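In: sequence isn't available, so here's the structure alone:
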């Protein structure tokens, strides 16, 4: 049944591999169950309600990805978009979180329309193959940087913006967490080099277990006020009645003090970031998974985009920020996931996590960090496909700008934006008009307008 539904034999895979890949993806994404409620709580939302909404929206989106597109991609509340909602829309602008959720809901409806009319598909196909390869490399650097941050290895620095952490200062909290992340990365790398199946998952679980042993021995000391919590999972049940505090609240909006123009600006802000974060993720992960055809197109992108769009609106109704395709899906792909069975496994685990959320939220970020760092390397290896030479500088320079922008500006969307704008300008300046598709002109203009007005 599973073989027929997900076409396992046609994709040269099996149930065991797909299940392991789905578990790997989930373990790498599980941090969102702790992070998203924490961020949206700053917008005035109930953390437990956000947790439940996140789990259910992730299940809906990922299950749709599995059934509609038969792809190994997972969806959840997008990092960056949740921070934009909490700290910009609800914080700086002072809008109620219900207004922000309505903007997310409308954004999802717009995406559904765009997906039905093939607009999003046309955008994907219009991006040159060189830029698509660059997106994969850029995402590799981006998620590796996220891994370094989750590990506590990268910290803020007033003079250089970022620097490496001190391993000796606050050793029983930040120091030992960073050390465990380094050890976990090395162990994961060794296992991967030795072709051990499930090396990424083993690295996550192994790092977590060693962390619990360190806590048992008093080497790691939980300090909640500093953001370092107990590593032991708890077995308390979740209060499902809390979901009522956010469910459907996006339709109970008070527009006093908001204004229709400001509301439209918020919608388009979500729209731009989500559109190109999703496209960037699909490009990057599918490129690494060898899912693109000879023309650099993703054959099943339309149902994949539809799953993403529906999940966005569903998530807003449930009570969470924009639900989008996660770059951490690449962890499952690297673990051998090739079909929707990988995604369905992840989806079921998200649904199960509504029952045992405290267990999953106990997975520390320093334990998932090694997976992100190693997967970042694996995606970075796609740089070999860029074919850097003097003959195609009008393509490789935009690719370079796309790559460095993603980690430095902390945004997949910004990387694509700079890549598209520079590609059009350089090819126009060098009289290579035939190299530019009409869609690329439109995208470049829209990106420039975004920087001016948004």
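Out: Looks like it arrived, so ask away. This one's a predicted model, so the numbers in the text were calculated from it and none came from an experiment.

In: for the residue lying closest to residue 405 once chain neighbours are set aside, give me its contacts.
Out: Residue nearest to residue 405 in three dimensions, not counting chain neighbours: residue 415, with 4.1 Å by Cβ to Cβ, 6 or more residues apart in numbering. Using the backbone N, CA and C atoms, a C-beta is placed for each residue, glycine as well. By Cβ atoms under 8 Å, 6 or more residues apart in numbering, residue 415 lies in contact with 134, 135, 138, 142, 280, 401, 402, 403, 405, 406, 409.

In: same thing with residue 238?
Out: Going by Cβ under 8 Å, 6+ apart, residue 238 touches 48, 51, 52, 354, 355, 356, 357, 358.

In: what pLDDT does the fourth one get?
Out: What the model reports as pLDDT for residue 354 is 92.

In: same question for the third one.
Out: Here the pLDDT value assigned to residue 52 is 94.

In: now it: how far from residue 355?
Out: 10 Å (Cβ to Cβ, to the nearest Å).

In: likewise residue 378?
Out: For residue 378, the distance to residue 355 (Cβ to Cβ) stands at 33 Å.

In: show me which of the contacts of residue 415 is closest to residue 69.
Out: Using Cβ to Cβ, residue 280 comes nearest to residue 69 of these, at 17.1 Å.

In: mind checking what secondary structure the closest one has?
Out: The local conformation at residue 280, judged by DSSP: H, G, I helix; E, B strand; the rest coil, is helix.

In: show me the contact partners of the lowest-mean-pLDDT helix or strand in the chain.
Out: The helix or strand of the chain with the lowest confidence, counting by mean pLDDT, DSSP states H and E, is helix 357-360 at a mean of 72. With Cβ under 8 Å, 6+ apart as the test, helix 357-360 has contacts from 30, 33, 51, 52, 55, 233, 234, 235, 236, 238, 353.

In: just the buried ones from the residues you listed, in PyMOL syntax?
Out: A single PyMOL command is used to select the members of the contacts of helix 357-360 judged buried by 16 or more other Cβ atoms under 10 Å:
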select buried, resi 30+33+51+52+55+238+353
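
In: got CSV for the contacts of helix 357-360, with secondary structure too?
Out: Formatted as CSV, these follow (three-state DSSP):
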residue, secondary structure
30, coil
33, helix
51, helix
52, helix
55, helix
233, coil
234, coil
235, coil
236, coil
238, coil
353, coil
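
In: how many residues are close by residue 210?
Out: 19 (other Cβ atoms under 10 Å).

In: do residue 295 as well
Out: Residue 295 has 7 neighbours, counted by other Cβ under 10 Å.

In: helix, strand, or coil at it?
Out: Applying three-state DSSP: residue 295 is coil.

In: mind listing the strands for this structure?
Out: 75-77, 154-157, 161-164, 323-325 (DSSP state E).

In: for the residue nearest to the spatial centre of the chain, what are its contacts?
Out: Central residue of the chain (Cα atoms, centre = their mean): residue 326, 3.1 Å from the mean position. Residue 326 is in contact with 25, 29, 32, 73, 74, 75, 76, 78, 281, counting by Cβ under 8 Å, 6+ apart.

In: residue 395 versus that one, what's the distance?
Out: Distance from residue 326 to residue 395, by Cβ to Cβ: 28 Å.

In: go on, residue 318?
Out: Noted for residue 318: a distance of 42 Å to residue 395, by Cβ to Cβ.

In: what of residue 189?
Out: 32 Å.

In: for residue 355, grab phi and psi.
Out: Backbone geometry at residue 355, expressed as degrees, to the nearest 10, gives phi -80, psi -40.

In: count of residues packed around it?
Out: Neighbour number of residue 355 under other Cβ under 10 Å is 12.

In: and residue 187, how many neighbours?
Out: Residue 187 has 17 nearby residues by other Cβ under 10 Å.

In: once you drop chain neighbours, what's closest to it?
Out: On the basis of Cβ to Cβ, 6+ apart, the spatially nearest residue to residue 187 that is not a chain neighbour turns out to be residue 203, at 5.8 Å.

In: burial count for that neighbour?
Out: Residues near residue 203, counting by other Cβ under 10 Å: 30.

In: per-residue pLDDT, residue 361?
Out: Here the pLDDT value assigned to residue 361 is 63.

In: residues contacting residue 309?
Out: So residue 309 contacts 108, 111, 112, 114, 115 (Cβ under 8 Å, 6+ apart).

In: would TSV of the residues you listed with pLDDT and distance to residue 4 be doable?
Out: Converted to TSV, the contacts of residue 309 look like this (pLDDT from 0 to 100; distance: Cβ to Cβ, whole Å):
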residue	pLDDT	distance to residue 4
108	92	31
111	88	31
112	91	29
114	85	32
115	82	27
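
In: buried subset of those residues, written for PyMOL?
Out: In PyMOL syntax, the buried subset of those is picked out as below (16+ other Cβ under 10 Å):
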select buried, resi 108+111+112+114+115
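
In: for residue 83, state which of the contacts of residue 309 is nearest.
Out: With Cβ to Cβ as the yardstick, the closest approach to residue 83 among the contacts of residue 309 comes from residue 108, at 18.8 Å.

In: surely the closest one touches residue 318?
Out: No - if you go by Cβ atoms under 8 Å, residue 108 and residue 318 don't touch, sitting 11.7 Å apart.

In: do you know how far residue 138 is from residue 85?
Out: The separation that residue 138 has from residue 85, given Cβ to Cβ, amounts to 24 Å.

In: and the two? which has more neighbours close in?
Out: Per other Cβ under 10 Å, whichever of residue 138 and residue 85 has more neighbours is residue 138, with 33 against 30.

In: residue 273 is in contact with residue 411, isn't it?
Out: Yes - look at residue 273 against residue 411 with Cβ under 8 Å: they come within range, at 7.4 Å.
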